[in-house]
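below is the sequence, then the predicted model.
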Amino acid sequence: MSAETSPGRRLVVAHAPRPVRHDGRTTTAGCTDTRRVKFRKRAGDERGYVLVWMALLLTVLMGFAGFGVDTAKLWYSAQKMQKAADAAALAGVVFLPGDLAGGIAEAKKVAAQNGFTDGVNGDVVTPSQDPTNPDRMIVVITHTEKTTFVALLGVKQVGLKRSAVAEYQGPVPMGSPTNNMCNQPTWSGTPAWTAGSSLNATVTRANTNPQMWCNIAGPNTGKESGDRFTTNYCGVTPIYNCSGSTNLESQVVESDGTNGYYYVVKVNVTDLSKRLNIQVYDPAFIQQGDTCDNFTSGGDEATARALMTSAAGTTHPTWDPSNTSAASYCPGDNAIRGGFPAPTTMFEVEKPDLTPWNDSDNQPVTTSNCSEATNFRTESPQSLTQPIGTFEGISGLSSTKKGSLAYNLKNSNGYLSQYAQLVYHNYVSVCNASMSDLGITATGTYNVLLRVRTNAGSAGHNRFAIRGAITTGSPDGSKVSIYADGKLPMYMNASGAQTQFFIARLLPNNSSHTLELNFYDVGDASVNGTIQILPPTDATVGGTAYSTFTGCTFSRAPTAINQGDVTGSTCSLTNINSTNGYNANLMVVDIPIPANYNCSDTDPFGCWVRVSFAYPSGGVTDTTTWTANLKGDPVRLIS
């Protein structure tokens with residue numbers, strides 16, 4: 001660049017040449033770039049390689065997607081299998097420990113309902129009884145699931161296996177391990193229905209003469225008189241679980257709105273041609289007083305006594321209170337609360353079903369030889385040649401009051417006297433059913449139910465006893481046991497009573513549980529009584545004989561118990577009497593079962609917890625209701 005800067009002359013500036021761009025190469029104008037200009041290929045010219053890589057990558061991605069789909073499918077099938085195994089185990093376990101075949105069949109049925117049928121499409125359903133715990137069922141389901149996407153990789157199917165373990169703690173059997181429930185009076189001409197020839201003296205006494213009667217009250221009877229569940233009325237305060245005059249614990253049978261108790265008649269069926277016969281001793285309410293002392297000599301009482309015994313001959317037991325044997329035959333029916341009709345008592349036999357944990361859904365046997373509807377007073381001819389289900393109550397001995405025993409006996413056409421002769425202090429069949437009548441079509445062990453209830457509006461306590469046997473030939477009691485289903489209402493009316501009987505069956509698998517016993521309105525006596533809970537005679541702990549429960553706790557409501565009367569180390573309670581706070585109260589005993597507790601569960605007379613209830617002197621006329629349960633959910637999954 002040059003410039004002239006003289007005066008008068010113009011400044012001239014010479015600029016450098018402008019750069020010129022040629023496809024990314026820079027030259028200077030006026031200069032010649034003799035080099036060859038080279039151009040890069042455009043990216044779009046490489047699309048073929050990308051397609052190949054994308055195809056390969058898509059294959060991998062689709063493989064992962066297919067693996068995910070198959071994994072989800074397998075997971076879903078496994079979940080479905082687990083639910084089926086859980087449901088099958090819960091359904092089958094309630095048949096244990098007595099009916100393994102029924103439990104297996106029910107478990108397989110429920111598994112099929114949930115999509116897995118044994119032997120179909122390669123599925124295998126295997127229910128079994130836990131060899132270490134007879135109250136537990138194990139269900140294993142194996143299933144082969146076909147794959148969809150991973151089959152392309154050679155894995156065409158996957159084997160799956162799921163299992164479940166369920167445990168059933170059903171209602172605790174109460175009161176008897178044999179075919180007799182409550183006192184069993186026998187006399188010449190009325191043979192005993194024994195449970196077998198192997199009973200030792202202790203079992204025989206507790207079975208045939210436990211010094212307690214079965215009991216049921218009419219709904220208008222006061223709860224404070226001892227029946228906890230079949231009464232609607234509360235007459236004094238305080239009473240456990242009453243609101244004013246209303247019993248909050250009244251047990252209503254939903255099918256007909258009336259009250260009742262259930263007894264289980266467990267039958268071991270080995271011959272389908274045999275029949276089940278159930279008899280009740282003194283099934284009708286016939287007013288006689290707690291100790292049968294309403295029948296004194298002279299007047300209407302003498303008339304009633306003569307009419308009841310005139311046709312019975314020497315086979316009828318004496319009921320005369322002056323006779324030393326009277327207490328053995330006296331169940332002690334008593335009106336308790338006046339102004340209401342005597343209770344009519346109904347005995348209904350119900351078929352076994354697939355829900356042994358639920359008594360209220362069993363269907364009654366409706367054949368003529370096993371029907372609650374059969375009523376002696378309305379049948380013709382008027383006899384007891386057929387089983388009877390309904391027994392009208394008769395109260396009072398007044399010669400002028402219609403409905404009383406003496407009045408009706410004197411003014412009837414003979415039917416009522418026959419009724420009294422054949423029912424009062426006698427055994428009467430309430431059911432004589434074939435296996436087909438009971439719905440039993442295969443050999444096995446079944447729970448036939450006997451429901452006992454009374455009519456609405458009545459009041460009074462009816463006391464009785466129950467026995468059962470397989471018949472068609474000589475009665476066989478060895479295949480029958482009868483026990484109260486978790487609730488045991490009973491009555492004691494012996495002088496110097498020492499009731500020792502089987503209150504609850506505690507199996508080896510119940511170890512580490514807590515047995516809870518509830519005693520309502522216990523101790524209506526003027527002298528002090530003692531209760532002690534005793535382990536089964538065959539119980540062991542760690543292989544050593546176990547003769548005394550320890551660590552027991554006693555409590556009472558609504559009033560507190562005197563803990564000075566409690567001896568937890570021997571599981572006993574003293575000073576039980578009517579003035580020491582036991583009337584209309586609930587006493588609770590919690591009994592911890594040792595972890596290594598054991599007993600002979602294969603022996604029907606084994607594993608029975610006993611109660612010793614002693615009044616060493618004086619008389620006792622005590623109606624009470626006892627219940628038993630193992631704490632925890634009755635049907636539950638273990639794993």
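All right, it came through fine.

most centrally placed residue in the protein?
P171 (3.4 Å; CA atoms, centre = their mean).

so that residue versus T567, what's the distance?
Distance check for P171 against T567: by CB to CB, to the nearest Å, it reads 29 Å. C-beta here means a position set from N, CA and C on the backbone, and glycine is covered the same way.

and the residue nearest to A111 when sequence neighbours are not counted, what are its phi and psi?
Taking CB to CB, 6 or more residues apart in numbering as the measure, A111 lies nearest to A88, with 4.1 Å between them; neighbours along the chain are not counted. Per-residue torsions, A88: phi -70, psi -40 (degrees, to the nearest 10).

list the residues that contact A88.
Shown in contact with A88 (CB atoms under 8 Å, 6 or more residues apart in numbering): A107, K108, V110, A111, N114, V125, P127, V139, I141, A164.

repeat that for T627.
So T627 contacts M174, G486, K487, L488, L517, N518, Y520 (CB under 8 Å, 6+ apart).

which one among those gets closest to V236?
Y520 (14.3 Å; CB to CB).

number of residues surrounding that closest one?
26 (other CB atoms under 10 Å).

tell me the pLDDT of it.
For Y520, the pLDDT comes out at 94.

also the one 10 residues further on?
T530 carries a pLDDT score of 87 in this model.

again, but for T537
pLDDT, T537: 90.

so which strand or helix has it?
Here T537 is covered by no helix or strand, with elements defined by DSSP states H and E.

what segments of the stretch 201-350 of the chain are helices?
Remark: helices assigned in the stretch 201-350 of the chain by DSSP state H, counting those that start in this stretch are 201-208, 299-309, 326-329.

excluding its backbone neighbours, what's nearest T355?
D361 (5.9 Å).

do N183 as well
A465 (5.3 Å).

check G460 too.
Distance criterion CB to CB, 6+ apart; nearest residue to G460, sequence neighbours excluded, is A335 at 4.4 Å.

who's in contact with Y520?
Contacts of Y520 by CB under 8 Å, 6+ apart are G226, R228, Y240, N585, L586, M587, T624, T625, W626, T627.

in CSV, list these along with pLDDT and distance to T548.
Compiled in CSV, these are given as follows (pLDDT from 0 to 100; distance: CB to CB, whole Å):
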residue, pLDDT, distance to T548
G226, 93, 29
R228, 94, 29
Y240, 92, 29
N585, 91, 26
L586, 93, 25
M587, 92, 20
T624, 91, 24
T625, 93, 26
W626, 91, 21
T627, 91, 23
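
and of those, the nearest to D538?
Nearest member of the contacts of Y520 to D538, counting by CB to CB, is W626, at 22.5 Å.

how close does the closest one get to R467?
21 Å.

can you get me a residue count around R136?
By other CB under 10 Å, neighbour count at R136 equals 21.

my guess is N598 contacts L507. True?
No. N598 is beyond contact range of L507, at 9.5 Å (criterion: CB atoms under 8 Å).

pLDDT weak spots in the stretch 351-500 of the chain?
356-357, 376-386, 396-418, 494-500 (pLDDT under 70).

domain-wise, how is this structure divided?
The chain is divided into the following domains under automatic domain parsing: 60-168, 173-637.

circling back to that earlier point, quick one: which of the contacts of A88 sit in strands?
V125, P127, V139, I141, A164 (DSSP state E).

from these, pick the one nearest V448.
P127 (24.4 Å).

and that closest one, bridged to which residues?
Beta-bridge pairing of P127 under DSSP bridges involves V139.

now it: how far from T142?
Relative to T142, and taking CB to CB, P127 is found at 13 Å.

M587 now?
52 Å.

for S478, same thing?
41 Å.

equivalent analysis for G439, please.
Taken as CB to CB, the span from G439 to T142 is 34 Å.

hang on, the earlier thing: I figured the residue nearest to the centre of the chain was touching Y483, is that so?
No. If you go by CB under 8 Å, P171 and Y483 don't touch, sitting 9.4 Å apart.

what touches both of those two?
With CB under 8 Å, 6+ apart, P171 and Y483 have no common neighbours.

show me which of S478 and T142 is the more surrounded one.
S478 (19 against 16).

next, count neighbours for P191.
Neighbours of P191 using other CB under 10 Å come to 10.

apart from its chain neighbours, what residue comes closest to it?
P475 (7.6 Å).

who touches that neighbour in this structure?
So P475 contacts P191, W193, N277, A469 (CB under 8 Å, 6+ apart).

now the two most distant members of those.
For the contacts of P475, and using CB to CB, no pair is farther apart than P191 and N277, which are 12.8 Å apart.

returning to that earlier point: could you turn the buried ones of the ones in strands among the contacts of A88 into a PyMOL selection?
Here is the PyMOL selection string for the buried members of the ones in strands among the contacts of A88, based on 16 or more other CB atoms under 10 Å:
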select buried, resi 125+127+139+141+164
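
can you add pLDDT and distance to S547 and give the ones in strands among the contacts of A88 back as a markdown table?
A markdown table is the format used below for those (pLDDT from 0 to 100; distance: CB to CB, whole Å):
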| residue | pLDDT | distance to S547 |
| --- | --- | --- |
| V125 | 95 | 45 |
| P127 | 95 | 38 |
| V139 | 95 | 39 |
| I141 | 94 | 45 |
| A164 | 93 | 38 |
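
T472 contacts L276, correct?
No. The pair T472 / L276 is not scored as a contact, 10.0 Å apart, by CB under 8 Å.

so which of the two has more stuff around it?
L276 (27 against 14).

quick check: closest non-adjacent residue to the more buried one.
Closest to L276 by CB to CB, 6+ apart is A433, at 5.4 Å.

how near is that neighbour to G477?
On the measure of CB to CB, A433 and G477 end up 16 Å apart.

cool, and R467?
For R467, the distance to G477 - CB to CB - is 7 Å.

the two: which has the busier surroundings?
R467 (28 against 20).

which helix or strand contains that one?
Going by DSSP H and E, R467 is in strand 461-471.

sheet-wise, list the partners of the helix or strand just after that strand with their directions.
On the C-terminal side of strand 461-471, the closest following helix or strand by DSSP H and E is strand 480-485. Its sheet considered, strand 480-485 pairs with strand 173-174 (antiparallel), strand 258-269 (antiparallel) by DSSP bridges.

Y582 touches L573, doesn't it?
No. Contact criterion CB under 8 Å: Y582 and L573 do not qualify, at 9.9 Å.

who touches the nearest residue to G226 once chain neighbours are set aside in this structure?
In space, and not counting its chain neighbours, G226 is closest to T623: 2.9 Å by CB to CB, 6+ apart. Neighbouring residues of T623 by CB under 8 Å, 6+ apart: N215, A217, S225, G226, D227, H461, P489, M490, Y491, D521, D524.

of those residues, grab the buried ones for PyMOL.
Buried members of the contacts of T623, defined by 16+ other CB under 10 Å, are picked up in PyMOL with:
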select buried, resi 215+217+225+226+227+461+489+490+491+521+524
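
can I get the contacts of T623 in JSON lines with distance to G606?
Converted to JSON lines, these look like this (distance: CB to CB, whole Å):
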{"residue": "N215", "distance to G606": "28"}
{"residue": "A217", "distance to G606": "34"}
{"residue": "S225", "distance to G606": "36"}
{"residue": "G226", "distance to G606": "31"}
{"residue": "D227", "distance to G606": "31"}
{"residue": "H461", "distance to G606": "33"}
{"residue": "P489", "distance to G606": "26"}
{"residue": "M490", "distance to G606": "23"}
{"residue": "Y491", "distance to G606": "28"}
{"residue": "D521", "distance to G606": "31"}
{"residue": "D524", "distance to G606": "33"}
